[in-house]
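Peer 1: Okay, here's the prediction I keep looking at, along with the sequence it came from:
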Amino acid sequence: MRVLGIESSCDETGIAIYDTEDGLLGHALYSQVELHAEYGGVVPELASRDHIRKALPLLDEVLSKTNLHRSDIDAVAYTAGPGLIGALLVGCAIGRSIAWALNVPALAINHMEGHLLSPLLEDNPPDFPFVSLLVSGGHSLLVDVKGIGEYEIIGESIDDAVGEAFDKTAKLLGLGYPGGPALAKLAEQGIKDKYEFPRPMTNRPGLDFSFSGLKTFAMNTWMDSEQTEQDKADIALAFETAAVETLAIKCKRALKQTGHKTLVVAGGVSANKALRKRLSAMPHVNVFYPNMAFCGDNGAMIAFAGAMRESEMQIGATSFAARPRWPLNELEPPRG
Ligand code: KG4
Ligand code: ZN
């Protein structure tokens, strides 16, 4: 079965085709970063309009790269939430319409389940059960994963998501949008241990995170410094080190609490090299990541999640619902 995946929950339009026999056949991604850069963040209405412009040309690009025709699509999976309502509505409407026109089944996919399963696209996928660390612009979650749709959230951020903290800290250091990758790059020039940032909520039990204080700490440190380029890099490194160390401490705790030996990291921040290095150095733990191309939002993870939930696909539905909020623990194992 060839599943078309459509992702449009935020500022990236992603299209992919996943074959349940042959794996990922092709994918294409269009990032709206330049569109939103001058505003310093995502402008929802502009995002929705751009998804409308890009979705079908991207589909044509994937079809031509894979030498397939629209009639070769057997099913459609589209992101229905969580995310920006207008952006989601575009993907839902296009996904449902393509399915209706081709008379093939379709399914609404949870974006965070897409991220969670993205490391399973790799050649050597992890076995269940595992602990999933989901780190993106909107979420920081620790999930006890027993199987597809068996998700127990065991830790989450009580304020900013870690990606959001990267972005906000980058912004106050004048690094533009989206700041995460830029801050990580600048941190490479930083002098180690020049500043010591706190590791929030690690000195008390539990698996929840809090990242908003780190951003404030970064701002105060910047204000008190001489504000040279070197200070900027040193603060970037101190922030990144504190965020990474905090995530690593909580991952270790989550593994101990669940008894699982496997850690699976996903979401935009899983592209962070310092995080990968730190987690992979943990003893007695097998750590899995998505391909660098599939850490951020993409269509491949949505097509894959759809393929895993093939039994739930519905043909002929003429209505759909987008869900700006859609907690992962509301999902259930695939029916049938
Ligand atoms: O998963 P994603 O593409 O979108 C959401 O679902 O939110 O994650 C985007 C987030 C942004 O906050 C971005 O700054 C962050 O991931 N990010 C990074 C890196 N690459 C992306 N943060 C730190 N280091 C990186 N290399
Ligand atoms: Zn995402």
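Peer 2: That came in fine, so what should we check first? As the structure is a computational prediction, the values presented were derived from the model and not from experiment. Ligands and ions are numbered 1, 2, ... in the order given.
Peer 1: Run through who's touching stretch 242-256.
Peer 2: 131, 133, 135, 140, 142, 144, 154-155, 162, 165-166, 197-202, 207, 209, 211, 214, 261, 263, 272, 274-275, 278-279, 282, 285 (CB atoms under 8 Å, 6 or more residues apart in numbering). For glycine as for every other residue, the C-beta is placed from the backbone atoms N, C-alpha and C.
Peer 1: Could you list which of those belong to strands?
Peer 2: Members of the contacts of stretch 242-256 lying in strands (criterion: DSSP state E): 131, 133, 135, 140, 142, 144, 154-155, 263.
Peer 1: of all these, which two lie farthest apart?
Peer 2: Across these, the longest distance by CB to CB is 16.2 Å; it joins Val135 and Asp144.
Peer 1: Looking at the two, which one has more neighbours?
Peer 2: The residue with more neighbours, out of Val135 and Asp144, is Val135; 29 against 20, by other CB atoms under 10 Å.
Peer 1: Read off the pLDDT value for Gly40.
Peer 2: With respect to pLDDT, Gly40 scores 88.
Peer 1: surely Leu295 meets Arg276?
Peer 2: Just so we're on the same page, residue 295 is Cys rather than Leu. No: look at Cys295 against Arg276 with CB atoms under 8 Å: they stay out of range, at 10.0 Å.
Peer 1: so what's Ala182 up against?
Peer 2: 170, 175-176.
Peer 1: near ligand 2, anything from the helix or strand containing it?
Peer 2: Here Ala182 is covered by helix 179-187, with elements defined by DSSP states H and E. No: counting by CB under 5 Å from the ion, ligand 2 is not contacted by helix 179-187; separation bottoms out at 12.1 Å.
Peer 1: can you pull the buried residues of that helix?
Peer 2: 179-184, 186-187 (16 or more other CB atoms under 10 Å).
Peer 1: What is the neighbour count of the residue lying closest to Asn103 once chain neighbours are set aside?
Peer 2: Spatial nearest neighbour of Asn103, excluding adjacent residues (CB to CB, 6 or more residues apart in numbering): Ile315 at 7.0 Å. Close neighbours of Ile315, defined as other CB under 10 Å, add up to 11.
Peer 1: residues contacting Ile315?
Peer 2: 99, 103-106.
Peer 1: Could you do Asp234 as well?
Peer 2: Counting by CB under 8 Å, 6+ apart, the residues that Asp234 touches are 190-191, 194-195.
Peer 1: Type out the PyMOL command that picks the buried ones from those.
Peer 2: Buried residues among these (16+ other CB under 10 Å), as a PyMOL selection:
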select buried, resi 190+195
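Peer 1: And the contacts of Asp234, which is closest to ligand 1?
Peer 2: Distance to ligand 1, by CB to the nearest ligand atom, is smallest for Gly190 among these, at 13.9 Å.
Peer 1: Hmm, Leu263 is touching Phe288, no?
Peer 2: Yes: with contact defined as CB under 8 Å, Leu263 reaches Phe288; the gap is 7.3 Å.
Peer 1: Would you state the strands of the stretch 51-200 of the chain in chain order?
Peer 2: 75-81, 106-110, 130-135, 140-147, 150-156 (DSSP state E, counting those that start in this stretch).
Peer 1: and the stretch 201-336 of the chain, which residues reach ligand 2?
Peer 2: Asp297.
Peer 1: how would you label Asn329: helix, strand or coil?
Peer 2: Of the three states, Asn329 takes helix according to DSSP: H, G, I helix; E, B strand; the rest coil.
Peer 1: That one and Tyr151 touch, don't they?
Peer 2: Yes: counting by CB under 8 Å, Tyr151 is a contact partner of Asn329 at 5.5 Å.
Peer 1: Comparing the two, which residue is more hemmed in?
Peer 2: For Asn329 versus Tyr151, neighbours defined as other CB under 10 Å are more numerous around Tyr151 (25 against 11).
Peer 1: which residues does Thr318 contact?
Peer 2: Per CB under 8 Å, 6+ apart, neighbours of Thr318: 96, 100.
Peer 1: What strand or helix carries the closest residue to Leu89 other than its chain neighbours?
Peer 2: Spatially, and ignoring its direct neighbours in sequence, Leu89 is nearest to Ala322 (5.0 Å; CB to CB, 6+ apart). According to DSSP H and E, Ala322 maps onto no helix or strand at all.
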